[in-house]
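1. Build me a model:
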Amino acid sequence: QDINAYNGEQPAEKLPFPIIADKNRELAVKLGMLDPDEQDKEGMPLTARVVFVFGPDKKLKLSILYPATTGRNFDEILRVVDSLQLTAYKKVATPVDWKPGDSVMVVPTLPDEEAKKLFPKGVFTKELPSGKKYLRYTPQP
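-> The predicted structure is shown next:
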């Protein structure tokens, strides 16, 4: 209820996402989620704010550990989830600072002819001093 109240919503019985209570910090210790630099009044390390994202294959796709003194950036977490979903099904990668709707990179292992077939909106190559043609972009499929 505190999480919902913090976000300005009515306290609810259930959150719209899974959350694990770890009052005794057993899971936090087991997963290495303690902040070595921040301690409570008894000198115990504070629990860090950790985000784990698992894929449908039940494999860890992303782990972000925020120090106890730093809040999470939910816009960034959502951006990463969007990227993970897109890149899991399309032969693309998302460049730095990518946002949904921006151009994406064609994976370097995809031959040019196949890229032309997969991306009918076009594939554009970034000109580099080396002359190598590995930075290929396409509108987000």
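
2. From here on, just use CA atoms for contacts and neighbour counts.
-> OK.

3. Pull up the gap between Pro36 and Pro45, please.
-> 6 Å (Cα to Cα, to the nearest Å).

4. pretty sure Val53 belongs to a strand, no?
-> Yes: using DSSP: H, G, I helix; E, B strand; the rest coil, the assignment for Val53 is a strand.

5. how about the nearest residue to it, chain neighbours excluded?
-> Nearest residue to Val53 in three dimensions, chain neighbours excluded: Leu62, at 5.0 Å (Cα to Cα, 6 or more residues apart in numbering).

6. Let me know the next secondary structure element after the helix or strand where Leu78 lies.
-> Using DSSP states H and E, Leu78 sits within helix 74-89. Using DSSP H and E, the helix or strand that follows helix 74-89 in sequence is strand 92-93.

7. Now do that next one: which elements does it pack against?
-> helix 74-89, strand 104-106 (3 or more Cα pairs under 8 Å, 6 or more residues apart in numbering; DSSP states H and E).

8. Return the most buried member of these.
-> Compared across these, strand 104-106 shows the largest average neighbour count, a mean of 24 (mean count of other Cα atoms under 10 Å).

9. Sweet, I'm off.
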